[in-house]
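K.L.:
got a sequence here, can you build the structure:
(chains A and B)
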2 protein chains.
Amino acid sequence: MINTPYLLFLGDAPDPLAAKVAQGIKDWRPELGLGQYRMDGCKADLGLPDLSIAEAVAAGCKTLVIGVANRGGVISAEWKSVLIEALEAGLDIASGLHNLLRDEADLVAKAEKEGRALHDVRIPSVAYPIATGKPRSGKRCLAVGTDCSVGKMYTALAMEKEMRARNAKVTFRATGQTGILITGDGVPLDAVIADFMAGSVEYLTPDNDADHWDLIEGQGSLYHASYSGVTMALIHGGQPDALILCHEPTREHMRGLPDYQQPTLEELRDTALVLARVVNPGVQVVGISVNTQHLSDADATAYLAKVEAELGLPTVDPFRHGAARLVDALENC
Amino acid sequence: MINTPYLLFLGDAPDPLAAKVAQGIKDWRPELGLGQYRMDGCKADLGLPDLSIAEAVAAGCKTLVIGVANRGGVISAEWKSVLIEALEAGLDIASGLHNLLRDEADLVAKAEKEGRALHDVRIPSVAYPIATGKPRSGKRCLAVGTDCSVGKMYTALAMEKEMRARNAKVTFRATGQTGILITGDGVPLDAVIADFMAGSVEYLTPDNDADHWDLIEGQGSLYHASYSGVTMALIHGGQPDALILCHEPTREHMRGLPDYQQPTLEELRDTALVLARVVNPGVQVVGISVNTQHLSDADATAYLAKVEAELGLPTVDPFRHGAARLVDALENC
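P.N.:
Residues are numbered from 1 along each chain as shown, chains lettered A, B, ... in the order given. Predicted coordinates:
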């Protein structure tokens, strides 16, 4: 667990997209981000107070979260001086970067001297068990996609927000670096050793109240040749009671795979159900989440209505129209 | 790559089954195992010459292979003295044990001093790439099972032996510790990081002659809640042209999962084909391999005939009846 609240480090972000981790924290856990730290040339702005390190500490921040991608995969000297200052001032540091904080000798030495923690959420910090396949109490929902990066995390977080507003018992369970930084906890599934993938998901979604929902962050796609094994482990480790199908209708090919096309939603539904029933015979597909960001309002509405008619399931873009209908479907599950 | 030929270390094996790795080498690569090393109390015997370390070196052995499971997961003092002697005499050591040779300080120091190699085949020694999903030249066959440990490795090795006898172009591609020790090369798939599983299988089965077959060792099962993600990565990384279904008909539940039943062969066929077609639309199920070791000859013959009639595919127990019919099916694929 990462200590909260956070100072969100935006560094020298070349554009707003580079700061998407920080944006995610601001969007989904606004109470955790007390301020932002921007360096010269930073082109991102979350609209939060710009705080110096000293101001952040005075405001109660416990952890500096690196909420931005680094250029060229290197932690620059400019960044380093800010991070050292943060450790000296009493902040922990959390990062989802590919290159690890723990591999930077100066940061490690300073953190040890100051008694501060360096959190590299890119890699696991737990020895996960082998999955047992045993049923657990409580309910679980998993978003599965026709492709990678179609909005599975967004869908689960939007549903969580709606369920919190309804005072439902709900926990978003992060399985990727961004989700872990947003919520302060989770399993970095893509970095788990093969034999322990499903076990790590069981560990992440333990027994709970009968009316509690875990909303498990999806990863990859059963139809993505590079990452399908990760998705498979999520389905069998998560034992979902409910599946949400996620889709982005304007994509010309599978992400990163120019020669591969997305499956249809019907194909995804049928394949995911067969596999999910292995561990939970009662699993249902309860709704469809479509990322319509590249469609006009009129086209989006028409597309959603068409899919809803074809598949007979509530079909929404939670960004455009909210997640209420997906949550309704979950409550009726 | 592990230097060959081998001295097969049986240690103090409490029974023949404990020495199954050594038995596998003797069965499938008899030219590689020049002798065995048995300690006091050893209850396994491969029928190979008992060689001292000095005799093994004189006979041309290059590597001592630990062909036996250790008791309690500890490399005992008795073992250690033999292993030290082997390093001093000029042998490398290869092991598939869970506890690693590289974690034994005395072995590491001795190996460094003598210039010898310690091979821990349990963990990867290569930084595998992310899978690209691009088609490769050559042909690939993958064995998929209704459960773990139903004979997938045995099936592939028996087919390889038959194809070698026919002078076909063929390579057994090991994906588990035993297979790697038998052949001296491969990918320890269950120890690969999730994101690189499919990529490691692509790496293992590269472009080849158009008439060359890779026989890929299967792992896990799509229907095994603990390990299905590994199987999924094998299917998408391997891009098989041909699938062999493997089954053990007397098992009362899935291995290690008392509450789970095996799927039917029809279910496995349909699910595996849907997933395999994602990366290779032309994939076919060409045959069925049944492990009938717990059936009488008459019952085995009757069971195989029944399955063959029901599924319309060549159905054999390669241990009892040879793999010729499976290879015939592959050649007609």
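K.L.:
so which bits of stretch A:291-300 are buried?
P.N.:
Residues A:Asn291, A:Thr292, A:Leu295, A:Ala300 are the ones in stretch A:291-300 that count as buried (16 or more other CB atoms under 10 Å in any protein chain shown). In short, each C-beta sits where N, CA and C put it, glycine included.
K.L.:
now go through those and say which are in helices.
P.N.:
Secondary structure from DSSP state H places A:Ala300 of those in helices.
K.L.:
state the mean pLDDT of stretch A:31-44.
P.N.:
For stretch A:31-44, mean pLDDT is 96.
K.L.:
before we move on, what about stretch A:93-101?
P.N.:
Across stretch A:93-101, the average pLDDT comes to 94.
K.L.:
buried residues in that stretch?
P.N.:
By 16+ other CB under 10 Å, the buried positions in stretch A:93-101 come out as A:Ile93, A:Ala94, A:Ser95, A:Gly96, A:Leu97, A:Leu101.
K.L.:
so which bits of the stretch 51-200 of chain A are right by chain B?
P.N.:
Residues of the stretch 51-200 of chain A lying close to chain B (CB under 8 Å from any CB of the partner chain) are A:130-135, A:189-195, A:197-199.
K.L.:
just the buried ones from these?
P.N.:
A:130-133, A:189-195, A:197-199.
K.L.:
among those, name the ones in helices.
P.N.:
Filtering those for helices - DSSP H - leaves A:Met197, A:Ala198, A:Gly199.
K.L.:
contacts only, for the spatially most central residue of chain A.
P.N.:
Of all residues in chain A, the one closest to the mean position by CA atoms, centre = their mean is A:Gly179, 3.0 Å from it. Residues near A:Gly179 by CB atoms under 8 Å, 6 or more residues apart in numbering or on different chains: A:Met153, A:Leu157, A:Phe172, A:Gly186, A:Glu217.
K.L.:
number of residues surrounding the closest residue to the fourth one other than its chain neighbours?
P.N.:
Once its chain neighbours are removed from consideration, A:Gly186 has its nearest residue in A:Ala174; the separation is 2.9 Å (CB to CB, 6 or more residues apart in numbering or on different chains). Applying other CB atoms under 10 Å in any protein chain shown, we find 26 other residues in the vicinity of A:Ala174.
K.L.:
pLDDT at A:Ala174, what is it?
P.N.:
With respect to pLDDT, A:Ala174 scores 97.
K.L.:
any idea how far chain B is from it?
P.N.:
Separation of A:Ala174 from chain B (CB to the nearest CB, to the nearest Å) stands at 15 Å.
K.L.:
next one: A:Glu88
P.N.:
34 Å.
K.L.:
in stretch A:55-65, what's buried?
P.N.:
Applying 16+ other CB under 10 Å to stretch A:55-65 flags A:Ala56, A:Val57, A:Cys61, A:Lys62, A:Thr63, A:Leu64, A:Val65 as buried.
K.L.:
repeat for stretch A:111-123
P.N.:
A:Ala111, A:Glu114, A:Arg116, A:Ala117, A:Leu118, A:His119, A:Asp120, A:Val121, A:Arg122.
K.L.:
could you give the mean pLDDT of that stretch?
P.N.:
Confidence over stretch A:111-123 (mean pLDDT, whole number) is 96.
K.L.:
quick one: end-to-end distance for that stretch.
P.N.:
19 Å (CA to CA, to the nearest Å).
K.L.:
now do the closest residue to A:Asn99 other than its chain neighbours against chain B, distance only.
P.N.:
Leaving aside its sequence neighbours, A:Asn99 sits nearest to A:Gly73 (CB to CB, 6+ apart; 5.6 Å). From A:Gly73 across to chain B, the span is 15 Å (CB to the nearest CB).
K.L.:
tell me, how many residues neighbour A:Gly73?
P.N.:
9.
K.L.:
what sits against it?
P.N.:
Neighbour list for A:Gly73: A:Leu97, A:His98, A:Asn99 [criterion: CB under 8 Å, 6+ apart].
K.L.:
residue of the stretch 1-150 of chain A with the smallest distance to chain B?
P.N.:
Relative to chain B, the nearest point of the stretch 1-150 of chain A is A:Gly133 (3.4 Å; CB to the nearest CB).
K.L.:
what's the closest non-adjacent residue to that residue?
P.N.:
B:Ala225 (3.4 Å).
K.L.:
so the one you found is in which element?
P.N.:
Assignment of secondary structure by DSSP states H and E places B:Ala225 within no helix or strand.
K.L.:
can you give me the strands in chain A?
P.N.:
Taking DSSP state E as the criterion, chain A carries its strands at A:6-11, A:33-38, A:63-66, A:92-95, A:118-120, A:139-145, A:169-173, A:212-216, A:242-247, A:284-290, A:315-316.
K.L.:
how about the second one as CSV, C-alpha atoms only?
P.N.:
Taking only C-alpha atoms (Å, rounded to 0.1, in the frame of the first residue of the first chain), the coordinates of strand A:33-38 have been written out as CSV:
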residue,chain,number,x,y,z
GLY,A,33,-4.1,14.4,-5.3
LEU,A,34,-3.5,17.6,-3.3
GLY,A,35,-1.4,19.3,-5.8
GLN,A,36,0.8,19.1,-8.9
TYR,A,37,4.5,19.7,-9.5
ARG,A,38,5.4,21.0,-12.9
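K.L.:
elements contacting that strand?
P.N.:
Counting by 3 or more CB pairs under 8 Å, 6 or more residues apart in numbering or on different chains; DSSP states H and E, the packing neighbours recorded for strand A:33-38 are strand A:6-11, helix A:20-28, helix A:53-59.
K.L.:
could you dump these to a markdown table with mean pLDDT?
P.N.:
Below are those laid out as a markdown table (pLDDT from 0 to 100):
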| stretch | mean pLDDT |
| --- | --- |
| strand A:6-11 | 97 |
| helix A:20-28 | 94 |
| helix A:53-59 | 98 |
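K.L.:
so for the residue nearest to A:Gly133, what's the pLDDT?
P.N.:
Model confidence at B:Ala225, given as pLDDT, is 97.
K.L.:
what's near enough to touch it?
P.N.:
A:Ala131, A:Thr132, A:Gly133, A:Ala198, A:His236, A:Gly237, A:Val278, A:Val279, B:Met254, B:Leu257, B:Tyr260 are the contacts of B:Ala225 under CB under 8 Å, 6+ apart.
K.L.:
again, only using 6 Å
P.N.:
Counting by CB atoms under 6 Å, 6 or more residues apart in numbering or on different chains, B:Ala225 makes contact with A:Ala131, A:Gly133, A:His236, A:Val279.
K.L.:
A:Glu162 now?
P.N.:
Each residue near A:Glu162 by CB under 6 Å, 6+ apart is listed here: A:Ala323, A:Ala324, A:Val327.
K.L.:
and those, which of them are in helices?
P.N.:
Among the contacts of A:Glu162, the residues falling in helices (DSSP H) are A:Ala324, A:Val327.
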